[in-house]
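Trainee: Got a sequence here, can you build the structure:
(2 chains)
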Number of protein chains: 2
Amino acid sequence: MSQIANASLNPSDVTAGADGPQAAVAAVSAMADRARTASRVLARADRNWKDRALLAIAAALDEKRARIIAANAKDIEAGRANGTSDAMLDRLKLDDRRVDALIAALQELAGLPDPVGTVLRGQTLPNGLRLRQVHVPMGVIGAIYEARPNVTVDIAGLALKSGNAVLLRGGTAAAASNKALLALIRDALESVGLPADAVASVDAYGRDGADAMMGARGKIDVLIPRGGRELIQRVVTTAKVPVIETGEGNVHIYLDESADAKMAVPILLNAKIQRPSVCNTVETLLINAKSQAAGQVLAALAKSGVRLHVDERAAALAGDTPTVPAVDADWDTEYMDLDLAVAVVDDLDGAISHIRRHTTGHTEAILTNNLAHAERFIAEVDSAAVIVNASTRFTDGGQLGLGAEVGISTQKMHARGPMGLRELTTTKWIVQGDGHVRS
Amino acid sequence: MSQIANASLNPSDVTAGADGPQAAVAAVSAMADRARTASRVLARADRNWKDRALLAIAAALDEKRARIIAANAKDIEAGRANGTSDAMLDRLKLDDRRVDALIAALQELAGLPDPVGTVLRGQTLPNGLRLRQVHVPMGVIGAIYEARPNVTVDIAGLALKSGNAVLLRGGTAAAASNKALLALIRDALESVGLPADAVASVDAYGRDGADAMMGARGKIDVLIPRGGRELIQRVVTTAKVPVIETGEGNVHIYLDESADAKMAVPILLNAKIQRPSVCNTVETLLINAKSQAAGQVLAALAKSGVRLHVDERAAALAGDTPTVPAVDADWDTEYMDLDLAVAVVDDLDGAISHIRRHTTGHTEAILTNNLAHAERFIAEVDSAAVIVNASTRFTDGGQLGLGAEVGISTQKMHARGPMGLRELTTTKWIVQGDGHVRS
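Mentor: From the prediction side, this is the model:
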């Protein structure tokens, strides 16, 4: 380990945790400056060079997997000693299978087209001036995330492919894993002739490091928080650096009167059960009071182990199907588990108005055979993704053909919905003349 | 006046200034909710309907110009009594010519295509799922600006055309003008059957109103500050609502060794003299030490009344041309006047490194006949617009063919450089299936 760990050291690490917030601000500022310098090399690196770096990281993960898993074992041990829950320990864990998944993701990333240099629009003006608006890297990205150490590799890979340097702040619980992964990534960068400072961590400064990143306006171009609601809200409301808000999904499906059980049952089961802990899973089902399919849908969900939190009218539709009474908080709860809130609405207007009160703007779906209803739902529901007659699980960068996914943005600026590599770039206008002046 | 003024009254105005920040927060929140409701009508209004509203505002400005100019006269009178400078009074002033310009701008806006509904990308996936990513309005925009009352009409028009509702906070110095303009706009909206609440003002709450807007995360989708450095910095560092930063331009032109005076002189004169007070005007000239054109360029600028703030080497190149010695602050000053900082650099690297230290990321230009230098400048200068052999005055929405300009963004997220109507929209993914589930 010590050899790998040394590779990640840089001068500012020496002051780690020594002098509190002020020292962290100075150190993070210096790291961001080094990242800026490194970002200039990356911004001009062609795709082949960046892909070689990604494959070098993948090869190093394969070769040094024993070291990585050993470092992770220390985090797991410390977590167990601290009384960390089994669910959290599972998120923290790196085993052979998860290392394989990281390697595969990097290889896939290397296979994707490079967003940098893509021309967004261009023209020659009547006066002969040549214009083009081109995608260029942001520069320095900041990422603040929680216990899963695989995010370290994931975000570093996405940043590199899009030509950006990145400063990382991972969870304290994954400190040893992240340190080992960072060292490996920095070594791999140097092995292909790219600057190690393109990927750096502020973990040595703990929470002060995260705070310093959030305040580093002008030094960090964009901050991406990845984690639970609390983390994201803290970053969004505290940061002076522009933030892309990701993740929260209080997802609704509206079962219109005209939808039959044959279509509705498979969609609801897929949307709730396939992977309950992710943000595109349905959390509330709204049922038209006249739906003939409601009974079958509720029975199928309950049979698959879903706890149905129902309002009074939904309880009546459920008949013999076991349910629990919903409380007000259910309508705003992202369960991330085999729970589903169920309410009955009188009509499409009732569904849209319920959604407006409770949506997080991630994904909402309508199941219907009524064209006018589908079109009104599409037009009037203001979410990143609006789905007709398909599972909400499709709100996903991979599923929508964007390639690698950086996260799912629930804000309206810059990126909305699944973010791919292109969303980690900005644009630059390039204007070329032959002595042109404005008249 | 009283009839017009009444049209702009809404219930929350009653508490104006009465109870300080808390009352402002409650009132602005209620106004934002009404604006949200209005925005839903606007989001679904087709282009013809929105254009009718723009033309109704233009017609009302023409018809009621005497009232508007009379209201403005009160602001001018109050300003004069307060000792406001002549320059500020000029910015504040509305006369027949300026009202004509507002009318012409609204008519031009009505002639532009509608960004809403444009399909950004779309495809049918191998599994038959139909995808499209469509431009949709942001929802509720906030604008915070200073003394020029024409911004009230300008921003309201841009917001309406892009399908957004807007909350305005104008400068106190223009209070009477803005009140009269707002009443006129709201009346015009109602005259075409659109909700008056689509355009509202928080001016009754003064500075507390601005603060309440900045804190209204989730209620206001994006804030656009328009004004001087201090205003923009206050909004950018205080707001919890996402902000688009506009305006500051410490613009550089680099005169390469290979550029001749025949091209350089007209470009420099155009870039500095045409309109010194705007953000795309050049503020620093960097001269290659071997330039043969330097003497002629400096003489031509001085002859046109430009005060040259020169470093020692530039003073030597200037010869008999009158100059003043530059101080450190000159390299970071946006003069907005007939002043120009001038430094000599050894080579392209020297120019790029000076720009990196002092740029605000707005516009930089190179004058050169060396292809490799042009390409390196384009690749390595990280600004919203990078220009080769043309005036920096071309960084302008109208000049670049974007139609109406909302402002010039100097940030990297969402919009960079001149912002047109499209940049006031977000996107929505629309996914349509026939019972599709994710496998």
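Trainee: tell me the contacts of A:Ala156?
Mentor: A:57, A:166, A:168, A:185, A:199 (CB atoms under 8 Å, 6 or more residues apart in numbering or on different chains). Bear in mind the C-beta positions are built from the backbone N, C-alpha and C, glycine included.
Trainee: residues contacting the first one?
Mentor: Spelled out, that is A:Ile57. Counted by CB under 8 Å, 6+ apart, A:Ile57 has contacts A:106, A:153, A:156-157, A:184-185, A:188-189.
Trainee: is it possible to export these to a markdown table including secondary structure and distance to B:Ile244?
Mentor: Shown next, in a markdown table, are those (DSSP: H, G, I helix; E, B strand; the rest coil; distance: CB to CB, whole Å):
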| residue | secondary structure | distance to B:Ile244 |
| --- | --- | --- |
| A:Leu106 | helix | 34 |
| A:Val153 | helix | 33 |
| A:Ala156 | helix | 29 |
| A:Gly157 | helix | 30 |
| A:Leu184 | helix | 39 |
| A:Ile185 | helix | 34 |
| A:Ala188 | helix | 37 |
| A:Leu189 | helix | 34 |
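Trainee: quick revisit: kindly indicate which of the contacts of A:Ala156 lies nearest A:His436.
Mentor: A:Val166 (38.5 Å; CB to CB).
Trainee: With chain B as the reference, measure out to that closest one.
Mentor: 15 Å (CB to the nearest CB, to the nearest Å).
Trainee: Repeat that for A:Pro276.
Mentor: A:Pro276 is 14 Å from chain B, by CB to the nearest CB.
Trainee: ok so, going back, give me the subset of the contacts of A:Ala156 lying in strands.
Mentor: A:166, A:168, A:199 (DSSP state E).
Trainee: quick one on the thing from earlier: would you reformat the contacts of A:Ile57 as a markdown table and include distance to B:His436?
Mentor: Converted to a markdown table, the contacts of A:Ile57 look like this (distance: CB to CB, whole Å):
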| residue | distance to B:His436 |
| --- | --- |
| A:Leu106 | 30 |
| A:Val153 | 31 |
| A:Ala156 | 34 |
| A:Gly157 | 30 |
| A:Leu184 | 40 |
| A:Ile185 | 38 |
| A:Ala188 | 39 |
| A:Leu189 | 41 |
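Trainee: Could you identify the buried members of these?
Mentor: Applying 16 or more other CB atoms under 10 Å in any protein chain shown to the contacts of A:Ile57, the neighbour count classes A:106, A:153, A:156-157, A:184-185, A:188-189 as buried.
Trainee: Now do A:Leu194, the pLDDT please.
Mentor: Per-residue pLDDT puts A:Leu194 at 98.
Trainee: Are we agreed that it is in a strand?
Mentor: No. According to DSSP: H, G, I helix; E, B strand; the rest coil, the state of A:Leu194 is coil, so it is not within a strand.
Trainee: residues contacting the residue lying closest to it once chain neighbours are set aside?
Mentor: Closest residue in space to A:Leu194, ignoring its immediate chain neighbours: A:Ala53 at 5.4 Å, by CB to CB, 6 or more residues apart in numbering or on different chains. A:Ala53 sits next to A:160, A:188-189, A:192, A:194 when contact means CB under 8 Å, 6+ apart.
Trainee: next one: A:Gly215
Mentor: So A:Gly215 contacts A:25, A:239-241 (CB under 8 Å, 6+ apart).
Trainee: before we move on, what about A:Ala341?
Mentor: A:283-285, A:309-310, A:326, A:330-331, A:333.
Trainee: element containing it, please.
Mentor: Per DSSP states H and E: A:Ala341 is located in strand A:339-345.
Trainee: Could you do A:Arg67 as well?
Mentor: helix A:65-81.
Trainee: what is the mean pLDDT for that helix?
Mentor: 97.
Trainee: Kindly export whichever helix or strand comes after it (C-alpha atoms) in PDB.
Mentor: Heading C-terminal from helix A:65-81, the first helix or strand you meet, by DSSP H and E, is helix A:86-92. Taking C-alpha atoms only, helix A:86-92 is exported to PDB below (Å, rounded to 0.1, in the frame of the first residue of the first chain):
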ATOM      1  CA  ASP A  86     -25.300  -3.700   7.200                       C
ATOM      2  CA  ALA A  87     -27.000  -1.800   4.400                       C
ATOM      3  CA  MET A  88     -24.300   0.900   4.600                       C
ATOM      4  CA  LEU A  89     -21.600  -1.600   4.800                       C
ATOM      5  CA  ASP A  90     -22.900  -3.200   1.700                       C
ATOM      6  CA  ARG A  91     -22.800   0.100  -0.200                       C
ATOM      7  CA  LEU A  92     -19.200   0.600   1.100                       C
END
